[in-house]
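Asks: Structure, please.
(one chain, ligands or ions: 1)
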Amino acid sequence: MQGQLKLKAARVLCVGAGGLGSPLAMYLAAAGVGTLGIVDFDVVDASNLHRQVIHFTQDVGRPKLASAEEKVHGINPNVTVRKFETRLTSANALEIFKDFHVVVDGTDNFPTRYLINDACVLSGKPNVYGSIFRFEGQASIFAAPKTTAQEAGPCYRCVYPEPPPPGMVPSCAEGGVLGILPGLVGLIQATETIKLITGLGEPLIGRLLLVDALAMRFREMKLRKNPDCPICGTNRTITKLIDYERFCGLGATAGRPEKSTEKPDTMPNALPEMTVEELKSKLDAKENLFVLDVREPHEYQICNLGDYGAKLIPMGDVQKRQQELDPEQHIVVHCRSGVRSAKVVDFLRQQGFEKVQNLAGGILAWADRIDKTMPKY
Ligand SMILES: [Zn+2]
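Replies: Below is the predicted model:
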């Protein structure tokens, strides 16, 4: 009863009324959440009905918001639905977020994901995150504010400091997605939202849940706050919302305004690279090669090239631990997708390391093309 009253008083904002937003909105309505805000500007498309189960065949061509509101009220007429028929942007996010207690990320693109994260950090609201790609999903609660019961949790940027290179990660529309998977992940988000509101159980803060639908395996990765995080760390460089299209479109350096356009000739793609196939054949041939992994320790736990002698020095520590590296040695640097490692290669070359190369596509490319049993994240 106590919990039910808390749910009734709760105001939850769901960004997106698509694959993740559909089960979320339906179950939150059924659970009795008092106010449900929904942000979406799209219309219902027949090709999405297999995963956007709040929309029916007869809704094709209608605004998703109108369709979603109708179903929510069909489930529970007492829910107040607040509709935001707009694209979430840096200009409107904080204003939209301000009336809500919890924000749920039901989007499918990186610029909006970083925007939601940053707006949540700046406004002190928890970000119930979920994402899906093909047969794999993820969920966590990011940017959980400090309370009497818990310390502030890590944010999305603590875990993914850099967006993937543009074009490397296809959207759901391009990459395809198992229609059931957003249902599974969306319900994990709904569960976490209800737990946050009612204070029940152990929230998914500081933990990233990884769902592999094909193997039907759930794994968990411990997350920690990155003290150097540009938005929630100790020395913050991002204090207001930025241009997220540019941040993601131009890759890693674009998010920091002070560096946005300088030195285009040292952009990562001008750096010497090696493919994962080349690396594998050199390692198999026992060539004298040093593999440097510049990811964070929690990423290393998931998958690594430790069997090939890879050494872990997180990007933020490379400068102060530079003496552990031999400038005469042939070094191949890798991270998750190749963005952070490119920066490290650039840095090491400026320090006089001549035989240093970036592993194109990072350990994700290795998992895709060399070792398909390697877990991805
Ligand atoms: Zn952070």
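Asks: got a list of what the residue in the stretch 251-377 of the chain that the ion sits nearest to touches?
Replies: Residue of the stretch 251-377 of the chain nearest the ion, by CB to the ion: residue 296 (11.8 Å). To be clear about C-beta, it is placed using only N, CA and C from the backbone, and glycine gets the same treatment. Applying CB atoms under 8 Å, 6 or more residues apart in numbering to residue 296 gives the contacts 226, 314.
Asks: Equivalent analysis for residue 146, please.
Replies: With CB under 8 Å, 6+ apart, residue 146 has these contacts: residue 152.
Asks: Give me the pLDDT for it.
Replies: At residue 146, the model reports a pLDDT of 89.
Asks: pLDDT below threshold where in this structure?
Replies: By pLDDT under 70, the low-scoring segments of the chain are 166-177, 250-270.
Asks: Name the residue closest to the centre of it, please.
Replies: Central residue of the chain (CA atoms, centre = their mean): residue 156, 5.8 Å from the mean position.
Asks: Tell me the secondary structure at the closest residue to that one other than its chain neighbours.
Replies: Once flanking residues are discounted, residue 156 sits nearest to residue 117: 3.8 Å by CB to CB, 6 or more residues apart in numbering. Secondary structure, DSSP: H, G, I helix; E, B strand; the rest coil: residue 117 is helix.
Asks: My read is that residue 117 contacts residue 140, right?
Replies: No. Applying CB atoms under 8 Å, one finds residue 117 not in contact with residue 140, separated by 10.8 Å.
Asks: quick one: which of these two has more around it?
Replies: residue 140 (30 against 25; other CB atoms under 10 Å).
Asks: Where do the strands of this protein begin and end?
Replies: 11-15, 35-39, 80-84, 102-105, 127-133, 136-142, 207-212, 217-222, 273-274, 290-293, 311-312, 331-334, 356-359 (DSSP state E).
Asks: Pull the residues that contact stretch 197-210.
Replies: The contact list for stretch 197-210 (CB under 8 Å, 6+ apart) reads 3, 6-7, 10, 12, 33, 101-102, 126, 136-141, 144, 149-150, 153-154, 159, 188, 192, 194-196, 218-225, 302, 375, 377.
Asks: Who are the contact partners of residue 333?
Replies: With CB under 8 Å, 6+ apart, residue 333 has these contacts: 292, 294, 341, 344, 345, 348, 356, 357, 358, 359.
Asks: Could you tell me which residues make contact with the fifth one?
Replies: What that stands for is residue 345. 268, 271, 272, 333, 356, 357, 358 are the contacts of residue 345 under CB under 8 Å, 6+ apart.
Asks: which among these end up buried?
Replies: Among these, those classed as buried by 16 or more other CB atoms under 10 Å are 268, 271, 333, 356, 357, 358.
Asks: Need the max-distance pair from those residues.
Replies: Spatially, the most separated pair among these is 268 and 356, at 12.9 Å (CB to CB).
Asks: so how far is residue 335 from the residue nearest to the centre of the chain?
Replies: Note on residue 156: its distance to residue 335, by CB to CB, to the nearest Å, is 17 Å.
Asks: and if you look at residue 111?
Replies: For residue 111, the distance to residue 335 - CB to CB - is 21 Å.
Asks: between these two, which one's more packed in?
Replies: Applying other CB under 10 Å to residue 111 and residue 335 shows that residue 335 carries more neighbours, namely 26 against 19.
Asks: if we can go back for a sec, from the contacts of residue 333, list the ones also adjacent to the ion.
Replies: Among the contacts of residue 333, not one lies near the ion by CB under 5 Å from the ion.
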